[in-house]
Every structure is written in structure tokens, then in C-alpha cells.
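J.: Dropping a prediction and its sequence here:
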Amino acid sequence: MSEKLLPNIQSPVDLRQLPVEQLPVLAQELRDFIIDIVAVKEGHLGASLGVVELTIALHYIFNTPEDLLVWDVGHQAYGHKILTERAEIFHTNRQLNGISGFPKRSESIYDTFGVGHSSTAISAALGMAIASNLKGETEKQHIAVIGDASIASGMAFEGLNHAGVTDANLLVILNDNAIGIDPSVGALKDYLTSVKAGKNPKENNMISSLNFDYSGPIDGHDIPLLLSELNRLKNKKGPKFLHIITTKGKGLEQAEKDQVKYHAPGKFDKVTGEIIPKSEDHLPPKFQDVFGLTLVELARQNEKIIGITPAMPTGSSMKFMMEEIPSRAFDVGIAEQHAVTLAAGMATQGMVVFCNIYSTFLQRAYDQVIHDVALQDLPVIFCLDRAGLVGEDGATHQGVFDIAYLSCIPNLILFAPLNEIELRNGMYTAQTGLEHPIAIRYPRGRGYIRNWQLPFEKIEIGKARLLQKGTQTAILSTGTIGNNITAALNEIQDAALFSHYHFPFIKPLDEQSLHEICNTHTTIITIEDGSIIGGFGSLVTAFITDNNYPVSVKKLGVPDFFIEHGTVIEQQQSCKIDVISLKNFLSSL
């Protein structure tokens, strides 16, 4: 048996010593290495398997890291990490103190740009290319690898539009596999399908019309063909565009057949590909499923209800409505800005729009929330999935800023339910005819209550709830982190000293309750699974200051730094808002 190649590849310098005919063998070894690790450690699988040959070809032809390679989103960069000095530590991927699941500048000189959200690669690589021209580095190469779902985003088109009128030494590689996390949608997807089928005349090529030297589509798994084309493009100046066709999940049969499930499948058998089932009997539901199933239930009763998601129908569970009531549920692709303003347009015509966007992704549509929704006081219902700490995706995906960036917007109601039942009733209340927009934030993962599908009850806007009455210190929580407080209070001896109030409404704040709390307690503790700066605690503190109450305040939450990857519990521990930390803190008072 011949010696394996991959253990001898520590960097692209080693890779370039291999003869071309050995590269397909290396590709198989790299694919097997990714499968072996991800099967046990979990992570993003299908995207990286689909670009193994491209990854090898890029590092073989281009002089990385001097030539600058940018991966859009970064789901597909596992092979890149393994070939760039991180094979021995790849098993720590997405774990606390391990390497990031996404390219990260502070981690490696080969990671030229930090990514995690989509559609940034073209702009970043173009910026690098223009900077190289200004510095006289005219031979340096700049490559952006972007998927067919990401390139449909407005920001990608902004980058293409600019690049086409420059002489920048930029190569955009379209990795076309007809899927992002869910299948790609929209007219651009239809265009790319016609190009791949040979049904689109060359003179109709939209990329060429933007002044790019277009080539393709070619087989993205054919290493000799990739090497030949990349070598040709390397020697051409100006903006270039290579269209390659790949298969997401390539090399693992189940991952090729079910590309949605195997995007990030969890643990699986590395030989058969079968996903190892988790026992989910008698467990509470995922919050995303509470949203999705409740939306369908409400939409059956209210024909004005619309569902919108930007490219996350499975992750948000909007898929339930898309399957049952497809005429009123829309996947608009990776286009958060469009999703928000589309919702606003529908709201002007009397529709009741549930716009479901991950908290971290709503950051990309902040102007639209202010200008197109709140300024016009349109009653759009934003459902912010993955609010708070999100776990292994880490700093790029934390939903910890939404309280701070939404609470300052006039007209906007901000609601953070304690559990599944309150989420369900909040959604019900929102579609009963609110006169203002509302944002409902809820976390990733499972809830707390198995029997959550109870009859709907309307919630009074702006009212806090007393969960436990105490004598000295008032704990004010908002959202599901309040369950950690309840658990901590159940474990301390002096629990009777503490009142616990749940504030489902961060805006409007229940000032009547705050007056009562300040008049009956000497100390206030606020807690949130969001940024302490500008968050719920800051609003409470401002109220106390404005009203000159002689009450001391301690704010607990996410401190002023980016929280890296790890489990949600580990991230809560780093913020000292896990149950044990809270128990110790309360016991020390």
C-alpha cells in the first residue's frame, strides 16, 4: 500500500511539490479526512466536500498566501484550512478554544478575510485588488469564491458592478451547485440553470455584459481542467469570472442525495453516511418549530398572514408554511434588505407579514427596519430566530446585539418571550391588529415545555410579570435567560431575599412596575442574553437615573467583546450568566 499524501502536506508549498497526476489521490484523501472528523465532531459538511478539487487547484496554481484567496461565507473552507497548516488541529473545529468554523484573519495568514455572512467576498477581494494596484503590486492575484445562492444577494451585485469598470486583477469563481443551505431560488438561479444546460446564447451572457472575461461553465471536479483554466486566467489582466459546476456533498452518497440535511448533519457514520439519531422523545420542541407550527396554525385562521424568510426556510421552520400554504410563504433568497422592504410593501396593503430573519442577519437590513418599516409605522412582525448566544457558529453568528440596535428605534415594539407558550401567544397577539411593528426575539435550540400547544391568549403590550416575590433585591430578566434565574433561585438558601420579574417587553418598558420595584427594593439586578452596552439593563438604568431613585444596579449579560465559538453553555459561562455562575453570584450577595 502506497504512503498517504495528505500527512505530508503541511502547507500549499508542500502541495505544489506533487505531480499533477497525484492530485486526484490527494482529493480523495482530503475528502476522507473531512468526513472522518466531521462525522465525530460535527460541523458544516456538504459545502466543503463540494469544493475539494477546487481548493486543491487554487492552492496549486496560485501563490497563496501572497496571492489573496477569499471564501464567501466560509462554510466550504474546511479543505482550505486543512491544507494551510491546520490539519493537526482541525479536530478542534468549532470547539471552545479551537479553530473557527469560518475563515478568520487572526487564525491564519491564509485566511485573508473574516467571513461568516454571505456575499462579501467579491467586495473584499476587489478592495484588495484595488489596493494592490495602488501599491504597484500589479502581479498579485485576488480570488473570490462565491456560491450561486450568495451571488444572488444585492451586495454581490454591487461588487460585480464596481469591478466591471476597474482594471483590478480580480478573479471571481462562481461555485454553482444550485443550493445554499436550502435550494437556491429566483430568476438568477433560473438563468444559471439555462447556462448550464447550454440553452442560453453566449451573446446573452450577463456576466460578460458587466465587462468580465467570462469562462465556463466547467466541471468543478475535473482537476486537470481546473488547473488548465486557472493557469490561463492567472495570466490575464482585469476582472475575470470562472463559472464551475459542482455537487454539494460530493463523495458521500447520502450527502449528495440530501443536500439540505447534510449541510450540517451532526454526528454520522463515516462509512455509511447514516446520521446517528439523537433520542428526541419526550423533549421540549425547538423554538424554530414553535414558530413554524404556530405560524401555520395562525395562517389557517387569518388569510391575510404572509410568511417571508431570506434563504432559511429549513433553519427557521418557515418550510412548514411553504409546504402547506405555498401561495403565502416566500423564500426570497439571501436578501435580507429585500425581505424587510418586501414585508413593508405588503403591510401597506393590509397584509399581516411575519418576516423571519436570524438576529445576526437582521443586522444586514438595519436601514430598512428604520426607514422602510418603523419610520412609516408599518405593523411588520419580525421574528428573530437565533437571538442571544448561538453556540458553535461563534462570533459571526451571535444574536446578541438586537436589543441594543432595535430598542433605540421609534415605533418598534420589542418582545422577548420566557418560553414556548409566551412565544406562541406573542405571535398570536401580534396578528390581532397591532398598530406598530414588533420584533419577537427567541433563541436557538430547544425550549422548556413539552405541552406548549395550548389555546391562544392575548398578551397585554408592555406589561412585566412577577415570578417570585422577595424582600430586598429585585432581579429583572428579559427573554429565556430568565429560566436560568429561576433555576439558580431554586438552588440557593436565601432565595426569599430575591424578587424575580420577567420583562417580556423591552420596549415599551413597564414603567409602572419599575416604579413599584424601585420603591420596594434596595438593589436591582438586570440580566439578558444580549449586549450589556445599550441593552435591557441600560434601559432600566436610564429609567432609574431619570427618576432619581437611590437604588443600586448590577447589569448581567454579554460583555463588550465578541464571544467566540463553543457550546451555548460554555458561552454563558464565559459571560457568567449560566445557572452555576448565577447561583454563586446570588449566594455571594
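T.: It's in.

J.: so after the host helix or strand of T545, what's the next helix or strand?
T.: Applying DSSP states H and E as the criterion places T545 in helix 536-546. Using DSSP H and E, the helix or strand that directly follows helix 536-546 along the chain is strand 552-558.

J.: Partner strands of that next one and their direction?
T.: strand 523-531 (parallel) (DSSP bridges).

J.: Just give the number of residues close to the closest residue to A39 other than its chain neighbours.
T.: Leaving aside its sequence neighbours, A39 sits nearest to K270 (Cβ to Cβ, 6 or more residues apart in numbering; 3.9 Å). To be clear about C-beta, it is placed using only N, CA and C from the backbone, and glycine gets the same treatment. Look at K270: counted by other Cβ atoms under 10 Å, it has 16 neighbours.

J.: Looks like K270 contacts K41 (just checking).
T.: No. With contact defined as Cβ atoms under 8 Å, K270 does not reach K41; the gap is 11.2 Å.

J.: Go through stretch 576-584 and flag the buried ones.
T.: I577, D578, V579, S581, L582, K583 (16 or more other Cβ atoms under 10 Å).

J.: In helices only, show me those residues.
T.: Cross-referencing the buried residues of stretch 576-584 against helices under DSSP state H gives V579, S581, L582, K583.

J.: For the third one, which residues are in contact?
T.: Spelled out, it's L582. N484, I485, A488, I527, L556, K576 (Cβ atoms under 8 Å, 6 or more residues apart in numbering).

J.: Once you drop chain neighbours, what's closest to the first one?
T.: Excluding its sequence neighbours, the residue lying closest to N484 (Cβ to Cβ, 6+ apart) is V579, at 5.0 Å.

J.: Can you verify my assumption that the one you found contacts A487?
T.: Yes. Counting by Cβ under 8 Å, A487 is a contact partner of V579 at 4.6 Å.

J.: center of this protein, which residue is that?
T.: Closest to where the C-alpha atoms of the chain average out (Cα atoms, centre = their mean) is H397, at 4.7 Å.

J.: Need the pLDDT of it.
T.: We have a pLDDT of 98 for H397.

J.: who wins for neighbours among the contacts of L582?
T.: Most surrounded of those: other Cβ under 10 Å gives I527, at 28 neighbours.

J.: For R16, see how far away the residue nearest to that residue when sequence neighbours are not counted is.
T.: In space, and not counting its chain neighbours, I527 is closest to L556: 4.2 Å by Cβ to Cβ, 6+ apart. From L556 over to R16 the distance is 52 Å, taken as Cβ to Cβ, to the nearest Å.

J.: about what we covered before: give me every residue that touches the residue nearest to A39.
T.: Contacts of K270 (Cβ under 8 Å, 6+ apart): I35, D36, A39, V40.

J.: And I475, by the same measure?
T.: I485, L489, F498, S499, H500, Y501, I524, I525, T526, I527.

J.: Let me have those in JSON lines, extended by distance to I173 and pLDDT.
T.: Output for the contacts of I475, formatted as JSON lines (distance: Cβ to Cβ, whole Å; pLDDT from 0 to 100):
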{"residue": "I485", "distance to I173": "49", "pLDDT": "98"}
{"residue": "L489", "distance to I173": "55", "pLDDT": "98"}
{"residue": "F498", "distance to I173": "58", "pLDDT": "97"}
{"residue": "S499", "distance to I173": "59", "pLDDT": "98"}
{"residue": "H500", "distance to I173": "54", "pLDDT": "98"}
{"residue": "Y501", "distance to I173": "54", "pLDDT": "98"}
{"residue": "I524", "distance to I173": "55", "pLDDT": "98"}
{"residue": "I525", "distance to I173": "52", "pLDDT": "98"}
{"residue": "T526", "distance to I173": "48", "pLDDT": "98"}
{"residue": "I527", "distance to I173": "46", "pLDDT": "98"}
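
J.: Show me which of these is closest to S588.
T.: Among the contacts of I475, I525 lies closest to S588 (Cβ to Cβ), at 12.0 Å.

J.: How many residues are close by the closest residue to M206 other than its chain neighbours?
T.: Nearest residue to M206, sequence neighbours excluded (Cβ to Cβ, 6+ apart): Y191, at 6.9 Å. Counted by other Cβ under 10 Å, the residues lying close to Y191 total 16.

J.: Regarding Y191, what is its secondary structure?
T.: When classified by DSSP: H, G, I helix; E, B strand; the rest coil, Y191 comes out as helix.

J.: surely it meets N205?
T.: No. At 9.7 Å, Y191 does not count as touching N205 under the criterion of Cβ under 8 Å.

J.: thinking again about what came up before, just the ones in helices among the buried residues of stretch 576-584 now: which is nearest Q468?
T.: Checking these against Q468 with Cβ to Cβ, the nearest one is L582 at 13.9 Å.

J.: on that earlier part again, give me the common contacts of V579 and A487.
T.: With Cβ under 8 Å, 6+ apart, V579 and A487 have no common neighbours.

J.: Which secondary structure element of the chain has the lowest mean pLDDT?
T.: Lowest mean confidence among the helices and strands of the chain (mean pLDDT, DSSP states H and E): helix 187-196, at a mean of 87.
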